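Enquirer: Could you look at this predicted model? Sequence included:
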Amino acid sequence: MTFRQTHLLGIENLHQEEIKTLLDVADQYVDLNRRDVKQSSLLSGLTQINMFFENSTRTQSSFELAGKRLGADVMNMSMQASSIKKGETLIDTALTLNAMHPDLLVVRHPHSGAVNLLAEKVNCAVLNAGDGRHEHPTQALLDALTIRRAKGRLHRLSIAICGDIAHSRVARSNIMLLGKMENRVRLIGPSTLMPSEVRELGVEVYEDMTEGLADVDVVMMLRLQKERMDGGFIPSEREYYHRWGLDAKKLSHAKPDAIVMHPGPMNRGVEIDGTLADDINRSVIQEQVEMGVAVRMAAMDLLSKNLAAKRMQNRVQQQVTA
Amino acid sequence: MTVYLHNAILIDPVAETETLGGMLIKGGKIAQVFVGDNTPSTADIAKAESIDCQGKYLAPGIVDIGVKVCEPGERHKESFRTAGRAAAAGGVTTMVTRPDTTPTIDSPETLEFVTRRANEASPVRMRPMAALTRDRDGREMVEIGFLSDAGAAAFTDCDHVVQNPKVFARCLTYAKSLGALVIAHPQDPSFSNGAAVTSGKFATLRGLPSVSPIAERMGLERDLALVEMSGAKYHADNLSTAASLPALQRAKDAGLDVTAGVNVHHLTLNEFDVGDYRTFFKIKPPLRSEDDRQAMIDAVASGLIDVISSMHTPQDEESKRLPYEEAASGAVALETLLPAGLRLFHSGDLTLPELFRAMSLNPARRLGLDAGTLSKDAPADLVLFDAHAPFVLDRFTMHSKSKNTPFDGQRMQGRVIATYVGGNKVWG
């Protein structure tokens, strides 16, 4: 077992082995979560604080449930309603929380890099629950676990990520994770929603859905992030749906057993056809939600062990210097 | 008082030479320059304070266009005293200050205030620039005539672009009639609005809002079209991308009264230096690609870009300790301008006369100052430096009140030994 991280800030810093380890641990938590009694005492006595500077229902409740099932004391802070409104800086907020001795800090922030900044200032394990357009590592990990369980492997697969790539942290984390695990990644979407020079990240780029979806094993749809857009990126939702929305016809170009994924929340009839999203033979969207809890439990499991080891080391060092 | 500096390597950006020699300074001016075995008469030497430069380089002091001293308004970030000390320590003998203070320097009264403060507190010379429009908001032009009479060296709205072409055209036309120099930082602001980095692989990896370098070219092309129409004296400052250079070349070829400047950071750093969201590397315009950096160096070497400046912009710790998008832009650079500029000498990209042509001679000429040369009767504004002395920069040893430098912890080469302003030693 190898997992050396003290924080989970992004996929960029993870090694292939660390990703495998995390997914293996998550597999065990899937089993636990399916039992009638879902309680573990691994994190009992530890404090987990969820700091969400941006609205979230799904991710926040997933993290909350993950922490509670592992026995941690979980506190939710809705930062939109709190002291940032009074002019407190992010670092001061972090230091204030740090003084309460949390062990796990789950942070979502609208600005890229904000979670990295915060992690430098606290002495607990920080989990990035999404920062701006930068990374959303637990989403990429839960996607990976879903794919691995559905396809039996997580390498040499052809995976299409479709839609609003430019505004998506999910896409960035997935591109990195799937690349590290040696898959072929294709991006499909209108060129106005492609980040600049994205080919440099080792992906193939398509503008046409039928061309891009040809013979892929996995189709990942992304939500059109209207709230992050300033100015027109697409002419209208109906034209977007016509050209890039996933329906049965477009999906027929993928492999017959290709699975359909979506990080949620979905805009039915904008990026995905409602019937297709509910098709239990193709869509794994509900599984993704289930894997989310397991992956977050695995991440907290591994990080809390590294945190304990680090604290022990510090104590020994203090005694030696004393 | 007479001073005799000898045994120095004289860097003459006019003749483009480096020669062993010395000079006699009388009444604050260079009285005579001696090259090779020539020396002043023994009588002159006997009367003078004799300084052995020990074979180090002696160059005309740096004339730095675009220094922000945060007086009035934000004296906790920088004052004329601290900026002046930083300038002296960095070999800058004339600070040409920016008007983007609070309030804006847009009236003869505010201009007189900063001039007086500089005279009281700064050991180096200061020439103030004034805003081009009131409050730098691009609506009404300032009193260009009164401000010129009060000593404004040039007129600039700094990083605010005068967006309305009618207003900008009138400013240029009016400035032309008074012979005033207009300085702009070209940019299409409706395109670059909200951007923190340059678009490309780095922006994509870090998920930061970005702008194409074409925004700068668009701004420059517009400005040059209006300069062509009005015939005004125009300096495009803070250029940073290869995309701007063909337009600049065309304007110069067409004989327009146009010069251009680059910020030393765009010559020595690129977008990837931002790394893990390090906000001390956040400047405006943002750091560019390595190809752009190389193109800017070539443009300085060829003379297409005339001026290298520090674009000294003090920011306090609080305005930098924020997520990258929210953090303030700018870097202090009065003290790092010379060692950073010397990186281009050590890399073989520029000769020392070329470097001082861009840092001393050209800015002085553009502003009509008699500094920037080692010729007889020029003011004895000089920098004596060791181009090879290595050091690791510790930002807390700098004299600027604000310590926001991207070069913190970096290896630099080049130390100022002494700085002279009007023959008086102000540093060393």
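Expert: Arrived safely. Predicted model only: the values in this text are computed from it and were never measured.
Enquirer: Need phi/psi at residue B:68.
Expert: phi -100, psi 120 (degrees, to the nearest 10).
Enquirer: and residue B:167, backbone torsions?
Expert: phi -60, psi -50.
Enquirer: Run a quick neighbour tally on the closest residue to residue B:83 other than its chain neighbours.
Expert: Among residues not flanking residue B:83 along the chain, residue B:69 sits closest, at 4.4 Å (C-beta to C-beta, 6 or more residues apart in numbering or on different chains). Where C-beta positions appear, they are placed from N, C-alpha and C, glycine not excepted. Number of residues near residue B:69 (other C-beta atoms under 10 Å in any protein chain shown) recorded here: 33.
Enquirer: ditto for residue B:87
Expert: Residue B:87: 35 surrounding residues under other C-beta under 10 Å.
Enquirer: Ok, residue A:184 next?
Expert: 16.
Enquirer: what sits opposite it in the beta ladder?
Expert: residue A:158 (DSSP bridges).
Enquirer: can you tell me how far it sits from residue A:212?
Expert: Distance of residue A:184 to residue A:212, computed by C-beta to C-beta, to the nearest Å: 12 Å.
Enquirer: Need the residues touching each of the two.
Expert: Listed as contacting both residue A:184 and residue A:212 by C-beta atoms under 8 Å, 6 or more residues apart in numbering or on different chains are residue A:204.
Enquirer: so what's the residue nearest to residue B:83 up against?
Expert: For residue B:69, counting by C-beta under 8 Å, 6+ apart, the contacting residues are B:78, B:79, B:80, B:83, B:95, B:97, B:98, B:101, B:114, B:118, B:126.
Enquirer: One more pass at 7 Å, please.
Expert: Residues in contact with residue B:69 (C-beta atoms under 7 Å, 6 or more residues apart in numbering or on different chains) are B:78, B:80, B:83, B:97.
Enquirer: In CSV, list the residues you listed along with pLDDT, secondary structure and distance to residue A:317.
Expert: Listed next are the contacts of residue B:69 as CSV, based on pLDDT from 0 to 100; DSSP: H, G, I helix; E, B strand; the rest coil; distance: C-beta to C-beta, whole Å:
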residue, pLDDT, secondary structure, distance to residue A:317
B:78, 96, coil, 41
B:80, 97, helix, 48
B:83, 97, helix, 44
B:97, 97, strand, 50
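Enquirer: could I get those residues as JSON lines with distance to residue B:325?
Expert: Rendered in JSON lines, the data for the contacts of residue B:69 read as follows (distance: C-beta to C-beta, whole Å):
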{"residue": "B:78", "distance to residue B:325": "24"}
{"residue": "B:80", "distance to residue B:325": "32"}
{"residue": "B:83", "distance to residue B:325": "28"}
{"residue": "B:97", "distance to residue B:325": "29"}
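Enquirer: got a winner among the residues you listed for most neighbours?
Expert: Neighbour max across the contacts of residue B:69 (other C-beta under 10 Å) = residue B:83, 32 neighbours.
Enquirer: separation between it and residue B:280?
Expert: Per C-beta to C-beta, residue B:83 is found 18 Å from residue B:280.
Enquirer: quick one: residue B:69 from chain A, how far?
Expert: 26 Å (C-beta to the nearest C-beta, to the nearest Å).
Enquirer: Do a quick rundown of the helices in the stretch 151-300 of chain B.
Expert: Per DSSP state H, counting those that start in this stretch, the stretch 151-300 of chain B carries helices over the ranges B:165-178, B:189-192, B:201-206, B:214-230, B:245-253, B:264-268, B:290-302.
Enquirer: so which of those comes closest to chain A?
Expert: Counting by C-beta to the nearest C-beta, chain A lies closest to helix B:201-206 out of the helices of the stretch 151-300 of chain B; the figure is 3.9 Å.
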